Structure formats: structure tokens, C-alpha cells
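Q: just need the structure, nothing else, for what follows:
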Amino acid sequence: MPQSVKSNAESRMDKAVQVLKRDLSSMRAGRANPAILDRIQVDYYGTPTPLNQVGNINTPDPRTLIIQPWDKTVLSDIEKAILKSDLGLTPMNDGEIIRISIPPLTEERRMELVKATKKSGEEAKVAIRNIRRDANDEIKKLEKTEISEDESRRHQEDIQKLTNKYVASVDELLIIKEKEIMDV
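A: Model (predicted):
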């Protein structure tokens with residue numbers, strides 16, 4: 001039974017790290033990356049649809065994204081969705097494709113992005129610590145019925161090691177993303 005608590009905690013911690021990875025990949029870091037458009041939803045015939053499902057997104061060079069919709073009638077909807085997003089990008093519609101030039105980041109914008117990155121990392125760490133708390137509570141409940149006090153302590157130490165491992169991976173992801181953002 002304690003093994004299932006630990007494996008459940010580990011899978012939940014892994015999901016928290018995966019969510020952080022997805023969030024960090026969608027942050028703009030100076031280079032054109034199609035993942036920065038992942039969060040954009042386009043109104044496609046009245047249904048909010050992810051941008052990557054209404055067209056093809058290419059990066060012909062490090063400073064340009066090209067969106068080629070499969071249905072040309074949604075060009076204006078894609079343009080509106082990009083303008084409404086918090087990315088600060090200006091799409092150019094030529095009737096066939098949408099071209100987005102990625103301007104170089106200013107020092108101020110880089111600092112804002114680093115701050116947002118750290119905030120996302122802190123949220124992931126809080127989620128991981130909450131999972132640790134839940135798992136420890138479950139182990140303590142088992143201590144009253146199924147396992148000894150020593151076993152309970154050993155399982156709680158294992159959960160703490162898992163927590164440390166996943167917090168370290170969050171720190172590692174943050175360092176990589178911060179380096180990517182600050183790279184001129």
C-alpha cells in the first residue's frame with residue numbers, strides 16, 4: 001500500500017514538471033519558436049481551436065514565423081487571436097499566409113520574462129510540495145492501521161527524496177530557460 005502512495009506521488013510530481021516544461025516552451029525567448037503560439041486559440045466557425053490545428057506553422061529563419069492556414073477564410077481570425085494574446089507580436093496578413101517577425105527582446109522585456117519564468121517555477125515547486133504533503137498524510141493514516149512507525153518514517157523519507165529530485169529538476173529547467181532568455 002505505501003508503494004502505491006509513493007508511485008502515485010511520483011506520477012503527480014512528474015505531471016507538475018511536464019506542465020512547467022509546456023509553460024516554459026510557450027514563453028517567447030527572442031528566437032522564433034512555433035511553441036510560443038501553442039496557447040493561442042482561434043475562433044474557427046464559432047469554436048475556440050488551437051492555432052496549430054487550423055494551419056501549418058513554419059520558421060524559415062530565426063526571426064520569422066509563417067502560419068499557413070488550411071482554410072484561408074480564417075486568416076483574419078488568426079490575426080485577431082495573435083493580436084489579443086499577451087505575446088506582443090504583430091502579424092502581417094498577405095492574403096495567403098500570416099508572417100510574424102519576432103523582434104529582438106529589450107533588456108526590460110528579458111527581465112520581465114525571467115521574472116515570469118521564476119513565478120512559473122515557484123508554482124511548480126508549490127504543486128510538488130503539496131503532493132508531498134498529501135502523500136505524507138496518506139502514509140500517516142496507514143501508520144495507524146497497517147504499517148509501523150519506523151516504516152512510516154522510512155516511506156516519508158523516500159517521499160522527501162522524490163520531492164528533492166523533482167524540485168531539482170524544476171531548478172534545472174529554470175536555469176536553462178533563463179539562459180535562453182538572456183542569450184542575446
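Q: check the offset of the helix or strand in which Val5 is found from the chain's centre.
A: Secondary structure from DSSP states H and E places Val5 in helix 2-25. When distances are taken as Cα atoms, centre = their mean, to the nearest Å, helix 2-25 is centred 13 Å away from the chain's centroid.
Q: which SSE is immediately downstream of that helix?
A: Counting by DSSP H and E, the element after helix 2-25 in chain order, helix or strand, is strand 41-44.
Q: got a list of contacts for that next one?
A: Under the criterion Cβ atoms under 8 Å, 6 or more residues apart in numbering, residues 48-51, 54, 74, 77-78, 80-81 lie in contact with strand 41-44. (Glycine included, C-beta is placed from N, CA and C.)
Q: and that strand, which residues are buried?
A: For strand 41-44, burial by neighbour count (16 or more other Cβ atoms under 10 Å) applies to 42, 44.
Q: for the residue nearest the centre of the chain, list the residues it contacts.
A: Closest to where the C-alpha atoms of the chain average out (Cα atoms, centre = their mean) is Asp23, at 1.6 Å. Neighbour list for Asp23: Ser120 [criterion: Cβ under 8 Å, 6+ apart].
Q: distance of the closest residue to Ile139 other than its chain neighbours from Glu107?
A: Leaving aside its sequence neighbours, Ile139 sits nearest to His155 (Cβ to Cβ, 6 or more residues apart in numbering; 4.9 Å). As judged by Cβ to Cβ, to the nearest Å, His155 and Glu107 stand 48 Å apart.
Q: what do you get for Ile100?
A: If you measure Ile100 against Glu107 using Cβ to Cβ, the figure is 22 Å.
Q: and Leu89, how many neighbours?
A: Neighbours of Leu89 under the rule other Cβ atoms under 10 Å: 17.
Q: and stretch 53-65, end to end?
A: The straight-line separation of the ends of stretch 53-65 (Cα to Cα, to the nearest Å) is 16 Å.
Q: one more: stretch 67-82?
A: Start and end residues of stretch 67-82 are separated by 11 Å (Cα to Cα).
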